[in-house]
Structure formats: structure tokens, C-alpha cells
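> Predicted model follows, preceded by the sequence.
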Amino acid sequence: MKADPFAQLKLLDIAEIDARILQLRHQLKNLPESKQIAELQIERKKVDDTAIDFRIQRDDLAVAVAKAEKDVEAVRVRRTKEQARIDAGQVTNPKDLERLQAELANIDRRIGVLEDEELEVMEQLDEATKAAAGFDLKIDEFDARIQELTNARTERAADVERELASITADRGPAIEGMPADLMALYDRIREQSGIGAAELRAKQCGGCRLSVEPAELSRIRTAPSDEVIRHEECGVIMVRTAESGL
Ligand SMILES: [Zn+2]
């Protein structure tokens with residue numbers, strides 16, 4: 001293919017724009033905050049999974065405390081009733097009275113046992129509540145950090161998008177007046193390998209960074225200046241400049 005050497009030089013500017021566009025798109029897809037957020041979310045899930053057990057334990061203990069309170073209350077009600085019977089002088093038979101007083105002593109023991117049990121579950125509930133609250137605090141810290149990173153990511157993405165929009169706007173004027181066949185070839189190579197054209201600089205291909213074979217170099221040296229040269233190794237259009245080392 002033949003192309004005006006000046007158009008070939010302009011192709012280097014276009015390649016630079018396209019490289020920058022690729023780079024910015026890659027940046028957008030790989031924002032550092034996204035990786036950090038993903039890592040934090042994994043950590044957060046681990047903590048949350050552990051917290052579930054403690055929350056269940058806390059809720060079970062709250063139910064146990066309520067039941068213990070009810071049990072103590074029921075026995076106390078019974079005691080008050082029996083005591084009232086004695087106080088009202090309803091029990092006159094000494095044997096009945098003796099039996100009733102023994103019963104009251106029994107009830108008191110029972111109340112003591114139930115109160116000890118109640119106290120024990122209350123202490124357990126207190127510990128479980130503190131443990132669950134500790135996990136909730138950790139989760140809150142994770143959420144705050146994730147929110148912070150999400151905001152930072154939004155800001156960074158906006159910066160990259162702004163630059164992307166600006167450089168994409170530059171591309172239009174850059175390709176204006178370029179030969180259609182040269183651009184078609186350039187675009188085809190670019191779609192295949194990411195780079196469409198590069199400078200032949202100091203006998204090295206700017207696309208693949210390999211030194212150009214001496215035989216190929218001598219062919220390039222004798223080729224007319226409007227000949228479109230492609231590197232045999234990687235296929236990119238190699239643009240000759242004063243720095244090519246020919
Ligand atoms: Zn190459």
C-alpha cells in the first residue's frame with residue numbers, strides 16, 4: 001500500500017491518541033478502589049457470618065430471660081396466696097398450718113433456685129449482647145470504609161471519564177483528511193493487536209519493541225518513502241522518521 005509520508009507521520013499522533021484511549025478504558029475497568037472494595041466486602045461478609053451466631057445466641061438468651069422472669073413471678077404469686085391464707089387465719093388446724101409452713105419454705109427454696117437461674121441467663125445475655133454489639137461496630141466500620149472508597153472511586157472514575165471524553169474529541173480532528181485506505185488498514189491491525197501503527201525508532205519496532213531484522217531493515221531502506229511498511233514480526237505499520245536509524 002502507498003500513503004503520503006506526511007499522512008504516515010500523522011498516523012503516529014492518532015496511534016498515540018488510541019493508546020491513551022485504551023489506557024484510560026483499562027483504568028476505568030480496573031480502578032484501584034474497586035479491588036479494595038471487593039476485598040473489604042469479603043472481610044465484611046466473614047465478620048457478618050460470625051456475628052449471625054452471636055445474634056442468634058443473644059436473641060435466644062433474651063427469650064430465656066423472659067421465661068425465667070415469668071417462672072419466678074408465677075412462684076411468687078403462689079407464695080403470696082399461701083401467705084395470705086395464713087395471715088387471714090384461714091388455716092386453724094395446727095397440722096395443716098405446719099404443712100403449709102413447710103410448703104412455704106419449699107416455695108422459698110424454689111424461688112431462690114429460680115432467681116439464681118434468672119441471674120445466670122441475665123449475665124449470659126449481657127455478654128452475648130456485648131459480643132453482638134462488638135460485631136455490629138465492626139460491620140459499621142466496614143460500611144463506613146466501603147462508602148469512603150465508593151465515593152473515591154466515583155470521583156476517580158469521573159476524572160478518567162473526563163479525560164477520555166476530551167481525548168476522544170481530539171481524535172475526530174486528528175483523523176480528518178487521512179487517506180481512507182490507510183485508516184482502514186490501521187483500524188484493522190489495531191482491532192487485532194491493540195496497536196495499529198508505531199514508529200520505527202533506532203532500528204526497533206515501537207509496536208512490539210523487537211529489533212528489526214537486518215534483511216528487513218535493508219528492504220525498508222530501499223523502499224520508497226510513500227510505501228506503507230509493516231513489521232513482519234507483529235504486523236503493525238512501522239512509520240519511518242529521522243530517528244529510525246536507517
Ligand atoms: Zn513489531
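Okay, I see it. Numbers count the residues shown, from 1 in each chain.
> domain parsing for the protein?
5-26+179-240, 31-175 (automatic domain parsing).
> Just put the ones you listed in JSON lines and tack on mean neighbour count and distance to the ion.
(C-beta placed from N, C-alpha, C; glycine too.) Formatted as JSON lines, those follow (neighbours: other C-beta atoms under 10 Å; distance: least, C-beta to the ion, whole Å):
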{"stretch": "domain 5-26+179-240", "mean neighbour count": "16", "distance to the ion": "3"}
{"stretch": "domain 31-175", "mean neighbour count": "14", "distance to the ion": "22"}
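> could you dump those to a markdown table with mean pLDDT?
Output for these, formatted as a markdown table (pLDDT from 0 to 100):
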| stretch | mean pLDDT |
| --- | --- |
| domain 5-26+179-240 | 96 |
| domain 31-175 | 95 |
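> any chance of these in JSON lines, plus distance to L246?
Listed next are the domains of the chain as JSON lines, based on distance: least, C-beta to C-beta, whole Å:
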{"stretch": "domain 5-26+179-240", "distance to L246": "5"}
{"stretch": "domain 31-175", "distance to L246": "26"}
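> where's the residue most central in space within the chain relative to E232, distance?
Geometric centre of the chain, nearest residue: A38, 2.1 Å, by C-alpha atoms, centre = their mean. Using C-beta to C-beta, to the nearest Å, one gets 43 Å for the distance from A38 to E232.
> what about the residue nearest to the centre of the chain, which helix or strand?
Secondary structure assignment for A38, by DSSP states H and E: helix 32-87.
> what packs against that helix?
In terms of contacts (3 or more C-beta pairs under 8 Å, 6 or more residues apart in numbering; DSSP states H and E), helix 32-87 is packed against helix 94-175.
> quick one: the helix holding A38 to helix 94-175, angle?
170 degrees (axes from the mean of the first three to the mean of the last three C-alpha atoms, to 10 degrees).
> and helix 32-87, how far from the chain's centre?
32 Å (C-alpha atoms, centre = their mean, to the nearest Å).
> Ok, stretch 221-233 next?
Distance, centroid of stretch 221-233 to centroid of chain: 49 Å (C-alpha atoms, centre = their mean).
> List the contacts of it.
1-5, 8, 182, 185, 189, 200, 205, 207-208, 210, 212-213, 216, 220, 236-240, 246 (C-beta atoms under 8 Å, 6 or more residues apart in numbering).
> got the end-to-end distance for it?
End-to-end distance for stretch 221-233, by C-alpha to C-alpha, to the nearest Å: 17 Å.
> For stretch 47-56, give me every contacting residue.
A128, A131, A132, F135, D136, K138, I139, F142.
> Now with 7 Å, please.
With C-beta atoms under 7 Å, 6 or more residues apart in numbering as the test, stretch 47-56 has contacts from A128, A131, A132, F135, K138, I139, F142.
> Columns distance to M178 on top of those, output as a markdown table?
As requested, those are exported to a markdown table (distance: C-beta to C-beta, whole Å):
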| residue | distance to M178 |
| --- | --- |
| A128 | 73 |
| A131 | 69 |
| A132 | 67 |
| F135 | 62 |
| K138 | 59 |
| I139 | 57 |
| F142 | 52 |
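> related to what we said a few turns ago, mind checking which of the contacts of stretch 221-233 are in helices?
In this view, the contacts of stretch 221-233 that belong to helices under DSSP state H are P5, Q8, L182, L185, I189, E216, I220.
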